[in-house]
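*Asks:* Take this sequence and fold it.
(one chain, ligands or ions: 1)
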Amino acid sequence: MTTVVTKKRSLLKETEEKLNAQIQMEGLASFYYLAMASWAETHGYLGASEFLYDHAEEERMHMLKIMKYVNDAGGYAKAPEITGIRHDYTSLREVFESILEHELAVTRSINKLSDFCFEVKDFATLNFLQWFVNEQREEEATSRRNLEFFDIIGEEGQGLWMIDTEIRNLLAEIKKGN
Ligand code: OFO
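*Replies:* Residues are numbered from 1 along each chain as shown. The predicted model follows:
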């Protein structure tokens, strides 16, 4: 039911659309991580798959956080349409390289959105987005750390097994800190 009261809000239509685009991006990220988790699990990388399954949940939580914000602000959050998920990778390294690229793209998206909110003086949404700004800083650091394992340990011999173990250990460390 739409009443006069429910129409009154300070959230601009354009901000709502941009937040919905971010919801789409977070939802896609969740399934993107889920597909990589399944790839890793079926290729014997159980530590990496644990990390990736866990991260798929994190991304879902990010999506829900924005949905709740939009609806609480008087807008209408749209559940994302998920298509075009990649299911095949040539190596575990490629999985983690594409994760870093993805996280950098999400950071750019959050920054653009924050910049827009600043321009239109939507300080409430700008404040809300600060959580995501900090989160992206952490996610980029984690993505780089995972990739460093490949360079430091090396992939030869038992290297991949050790890398897989280190990725699992990093997840445990992150969980301890949360
Ligand atoms: Fe939602 O932080 Fe990664 O993508």
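*Asks:* My read is that Arg93 contacts Gly154, right?
*Replies:* No - using C-beta atoms under 8 Å, Arg93 is not in contact with Gly154; the gap is 11.0 Å. Placement of C-beta: from N, CA and C, glycine included.
*Asks:* Which one's more surrounded, those two?
*Replies:* It is Arg93, of Arg93 and Gly154, that has more neighbours when counted by other C-beta atoms under 10 Å, with 17 against 13.
*Asks:* What residues does that one make contact with?
*Replies:* Residues near Arg93 by C-beta atoms under 8 Å, 6 or more residues apart in numbering: Leu147, Phe150, Glu155.
*Asks:* Let me know the pLDDT of the last one.
*Replies:* Looking at Glu155, its pLDDT reads 94.
*Asks:* Can you classify it by secondary structure?
*Replies:* coil (DSSP: H, G, I helix; E, B strand; the rest coil).
*Asks:* That one contacts Asp164, correct?
*Replies:* No - contact between Glu155 and Asp164 fails when scored by C-beta under 8 Å: they sit 10.8 Å apart.
*Asks:* Show me which of those two is the more surrounded one.
*Replies:* Asp164 (21 against 15).
*Asks:* which stretches of the chain aren't confidently modelled?
*Replies:* Across the chain, the ranges flagged by pLDDT under 70 are 1-7.
*Asks:* residues of the helix or strand harbouring Val106 that come out buried?
*Replies:* Per DSSP states H and E, Val106 falls inside helix 92-119. By neighbour count on 16 or more other C-beta atoms under 10 Å, the buried set for helix 92-119 is 92-93, 95-97, 99-100, 102-103, 106-107, 109-110, 113-114, 116-117.
*Asks:* Residue numbers of this structure in contact with the ligand?
*Replies:* When proximity is defined as C-beta under 6 Å from any ligand atom, the chain approaches the ligand at Glu26, Ala29, Glu59, His62, Glu103, Val106, Glu135, Glu139.
*Asks:* Mind checking which of these are in helices?
*Replies:* Using DSSP state H, Glu26, Ala29, Glu59, His62, Glu103, Val106, Glu135, Glu139 are the members of the residues of the chain next to the ligand that sit in helices.
*Asks:* ok, the contacts of Arg93 vs the ligand, which is closest?
*Replies:* Checking these against the ligand by C-beta to the nearest ligand atom gives Leu147 as the nearest, at 15.0 Å.
*Asks:* which ones are touching the closest one?
*Replies:* Arg93, Phe96, Glu97, Leu100.
*Asks:* For Ile23, give me phi and psi.
*Replies:* phi -60, psi -40 (degrees, to the nearest 10).
*Asks:* my read: it touches Lys78, true?
*Replies:* Yes - if you go by C-beta under 8 Å, Ile23 and Lys78 touch, sitting 6.7 Å apart.
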